[in-house]
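>>> Here's my sequence, what's the structure:
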Amino acid sequence: MFVEKTRQGDLAVFYVRGEVDLYNSDVLKQALIQSIRAGARTLVVDLDDVGYMDSSGIGALIAARAAAEKEGGRVVLSRLQAGVASVFRLTRLDSFFEIFTAVDEAAGALSRAAV
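Now for the predicted structure:
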């Protein structure tokens, strides 16, 4: 798994690539939480290049969302591949997370909500 971050003010976008599983989900969790601690209040996690995510990856996203909400922020997801989207639907996490079809759409929704 590889995580690339871009940041614009309070908004951080994370581009995640590869499988997110027990062996590397803590790297994702720490990257997200570290960004929140550094002042990012709104995070978009782009999962377009993630073909597989297990429960530990989902746990990392839930932990990041909890950390962001504690600081008055939000974590949203974008561009879930079919297999990952299916896991979110089956676990009903598609109603827990805001999921967007594009990073720009997510960023725009977050910036409008902040106004």
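>>> check contacts around S78.
Counting by Cβ atoms under 8 Å, 6 or more residues apart in numbering, S78 makes contact with V44, V45, D46, L47, D48, I99, F100, T101, A102, V103, E105, A106. Bear in mind the C-beta positions are built from the backbone N, C-alpha and C, glycine included.
>>> List buried residues within the residues you listed.
V44, V45, D46, L47, I99, F100, V103, A106 (16 or more other Cβ atoms under 10 Å).
>>> give the contact list for the residue sitting nearest the centre point of the chain.
With distances taken as Cα atoms, centre = their mean, V45 lies nearest the centre of the chain, 3.0 Å away. When the contact criterion is Cβ under 8 Å, 6+ apart, the partners of V45 are F14, V16, L32, L61, A64, V75, V76, L77, S78.
>>> For S25, which non-adjacent residue is closest in space?
Of all residues not flanking S25 in the chain, S56 sits nearest, at 4.0 Å (Cβ to Cβ, 6 or more residues apart in numbering).
>>> What helix or strand is that neighbour located in?
If you go by DSSP states H and E, S56 is part of helix 55-70.
>>> After that helix, which helix or strand is next?
Once the chain leaves helix 55-70, the following helix or strand, as judged by DSSP H and E, is strand 74-78.
>>> could you check the angle helix 55-70 makes with that next one?
With axes from the mean of the first three to the mean of the last three Cα atoms, to 10 degrees as the basis, strand 74-78 and helix 55-70 are set at 140 degrees to each other.
>>> quick one on the thing from earlier: restricted to helices, list the buried ones among the contacts of S78.
Here DSSP state H is the test, and those give V103, A106 as lying in helices.
>>> Show me which of the buried ones among the contacts of S78 is closest to K70.
Of all the buried ones among the contacts of S78, V45 has the smallest distance to K70: 17.3 Å, by Cβ to Cβ.
>>> Who is the closest one paired with across the strands?
Per DSSP bridges, residues listed as beta-bridge partners of V45: F14, L77.
>>> Got the confidence number for it?
pLDDT, the model's per-residue confidence, is 98 for V45.
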